[in-house]
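Enquirer: For reference, the sequence and a predicted model appear below.
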Amino acid sequence: MELAHFPRFHYSTIPPLQPSASPPMSYFDLQINGYAGIDFCSLGLTADEMRRACEALAADGIEGILATIITDSVDSLCAKLRGMARFREEDPFIRAMVKGFHVEGPFLNAKPGYIGAHPADCVVPANRDDAARLLEAGGGLVRLVTLAPENDRGAATTRFLVEQGVTVSAGHCDPDLVTLERAIDAGLSMITHLGNGCPVILPRHDNFIQRVLSLSDRLWVCFIPDGAHVPFFALRNYIKITGLERTIFTSDAIMAAGLGPGIYDLSGAPVEVDAEGVARRPGSPNLAGSTIRGHQVAEKLREHLGLNEAEIDRAYRRNPLAALGLTTG
């Protein structure tokens, strides 16, 4: 589909989201790239924009998030982290909503399919120096780092991050079983959006999804339950293996969440949202985050998986907080 078929939106032209129809419960989402027309991955992000995104999240029943940034140059990632840390320090409301930061990249697998919507030319090997720079720029608020274990020689960066109190997750990756086990032994404890960040076509048996499922008793496993990232019948199968006690749900929301078809930005590059609300880089079969709103995650879990409120609360609030070492309440 040609880009011209959809309108191009900018922050100033996007109307406010309509509040959810009924007061939702409170959830915690560890992967929010943006919301309500605001892109957390933008170098031009302002404090006012971040507050408006946080207000929209709160109205949709989200009590806390990890503000997420995706692969960019290390210098740009550091600048983004410093900016959000400053906004959080200056605004009590942002501070209450943003419990920390999730850095997804730049230590990923740059191969087509695995890299997804991330810019492959900004990928670098995992290394302690860049990891330390990111942690410093985040002012001690980087809670989660997604990396590719096969891009972390000897799991040295994973071990360093875990020693600094950071949760390390495998995503956009294709480690063999031995490499994945080595990373877990070094402290890796989570899988980022299983079933995504990989090619559309995979080998039948020996693939990253199957390797993770074989080790899921040692991992927190995250899923995006919007029906597009993982069909609900497949998600039901996965959860039978992982169990709700090790499952985490996330929206992986981008700035286009809830805004309808159009061309939006994600980290300075266009994302095309189709009539079904599915976001992709133009011309790519791989998804580029989701457009689902926070309360809609819970609605889909009730409707398609038959989960009750206690089960949703566990996987969409208590588990992510526990995985990050934060108070569950």
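Expert: Sure, I can see it. Keep in mind that this is a model prediction, so the values were computed, not measured. Numbers count the residues shown, from 1 in each chain.
Enquirer: where does the chain have low pLDDT?
Expert: 1-24, 328-329 (pLDDT under 70).
Enquirer: quick check: longest helix of it.
Expert: helix 74-90 (DSSP state H).
Enquirer: which outside residues touch that one?
Expert: Contact with helix 74-90 is made by 40-43, 45, 47, 50-51, 67, 69, 72, 94-95, 98, 101, 103, 105-106, 124, 130, 133-134, 136-139, 141-142, as judged by CB atoms under 8 Å, 6 or more residues apart in numbering. Any C-beta I mention is one placed from the backbone N, CA and C, and that applies to glycine too.
Enquirer: State the distance from the residue lying closest to Ala58 once chain neighbours are set aside to Arg88.
Expert: Distance criterion CB to CB, 6 or more residues apart in numbering; nearest residue to Ala58, sequence neighbours excluded, is Met97 at 6.4 Å. According to CB to CB, to the nearest Å, Met97 and Arg88 sit 9 Å apart.
Enquirer: Repeat that for Lys300.
Expert: Noted for Lys300: a distance of 30 Å to Arg88, by CB to CB.
Enquirer: do the same with Leu147
Expert: Distance, Leu147 to Arg88, using CB to CB: 24 Å.
Enquirer: which of the two has more neighbours?
Expert: Taking other CB atoms under 10 Å, Leu147 and Arg88 do not tie; Leu147 has more neighbours (30 against 24).
Enquirer: mind checking how far that one is from Ala59?
Expert: Counting by CB to CB, the gap from Leu147 to Ala59 is 33 Å.
Enquirer: How about Asn33?
Expert: In terms of CB to CB, Asn33 sits 18 Å off from Ala59.
Enquirer: of those two, who's got more company?
Expert: Set Asn33 next to Ala59 and count neighbours by other CB under 10 Å: Asn33 wins out with 28 against 19.
Enquirer: Would you map the helices across the stretch 51-200 of the chain?
Expert: 74-90, 92-97, 128-137, 156-163, 177-185 (DSSP state H, counting those that start in this stretch).
Enquirer: which of those is buried the deepest?
Expert: Most buried of those by mean neighbour count (mean count of other CB atoms under 10 Å) is helix 156-163; its value is a mean of 20.
Enquirer: now that helix and helix 177-185, what's the angle there?
Expert: Between helix 156-163 and helix 177-185, the angle comes out at 20 degrees (axes from the mean of the first three to the mean of the last three CA atoms, to 10 degrees).
Enquirer: Can you list the helices and strands that helix 156-163 packs against?
Expert: helix 128-137, strand 142-147, strand 167-170 (3 or more CB pairs under 8 Å, 6 or more residues apart in numbering; DSSP states H and E).
Enquirer: Secondary structure element holding Arg211?
Expert: Using DSSP states H and E, Arg211 maps to helix 208-214.
Enquirer: Can you name every helix or strand that the following helix or strand past that helix contacts?
Expert: Counting by DSSP H and E, the next helix or strand C-terminal to helix 208-214 is strand 220-223. In terms of contacts (3+ CB pairs under 8 Å, 6+ apart), strand 220-223 is packed against strand 190-191, helix 232-242, strand 247-249, helix 319-323.
Enquirer: Show me the contact partners of the second one.
Expert: Outside of helix 232-242, the residues within contact range by CB under 8 Å, 6+ apart are Leu194, Gly195, Leu213, Ser216, Val221, Phe223, Pro225, Val230, Thr247, Lys300, His304, Leu305.
Enquirer: CA atoms of it as PDB?
Expert: This file holds the C-alpha atoms of helix 232-242, laid out as PDB (Å, rounded to 0.1, in the frame of the first residue of the first chain):
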ATOM      1  CA  PHE A 232      -5.100 -15.800  20.100                       C
ATOM      2  CA  PHE A 233      -5.200 -19.500  19.500                       C
ATOM      3  CA  ALA A 234      -1.400 -19.600  19.400                       C
ATOM      4  CA  LEU A 235      -1.200 -17.400  22.500                       C
ATOM      5  CA  ARG A 236      -3.500 -19.800  24.300                       C
ATOM      6  CA  ASN A 237      -1.100 -22.700  23.400                       C
ATOM      7  CA  TYR A 238       2.000 -20.700  24.600                       C
ATOM      8  CA  ILE A 239       0.400 -19.900  27.900                       C
ATOM      9  CA  LYS A 240      -0.400 -23.500  28.500                       C
ATOM     10  CA  ILE A 241       3.400 -24.100  28.500                       C
ATOM     11  CA  THR A 242       4.600 -21.000  30.300                       C
END
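Enquirer: quick one: buried residues of it?
Expert: By neighbour count on 16 or more other CB atoms under 10 Å, the buried set for helix 232-242 is Leu235, Tyr238, Ile239, Thr242.
Enquirer: tally of neighbours for Pro203?
Expert: 9.
Enquirer: got the contact list for the closest residue in space to Glu55 that isn't next to it in sequence?
Expert: Spatially, and ignoring its direct neighbours in sequence, Glu55 is nearest to Phe93 (7.5 Å; CB to CB, 6+ apart). Going by CB under 8 Å, 6+ apart, Phe93 touches Arg51, Cys54, Glu55.
Enquirer: which residues touch Thr68?
Expert: Residues in contact with Thr68, defined by CB under 8 Å, 6+ apart, are Leu30, Gln31, Ile32, Asn33, Phe40, Cys41, Phe101, His102, Val103, Glu104, Asp252.
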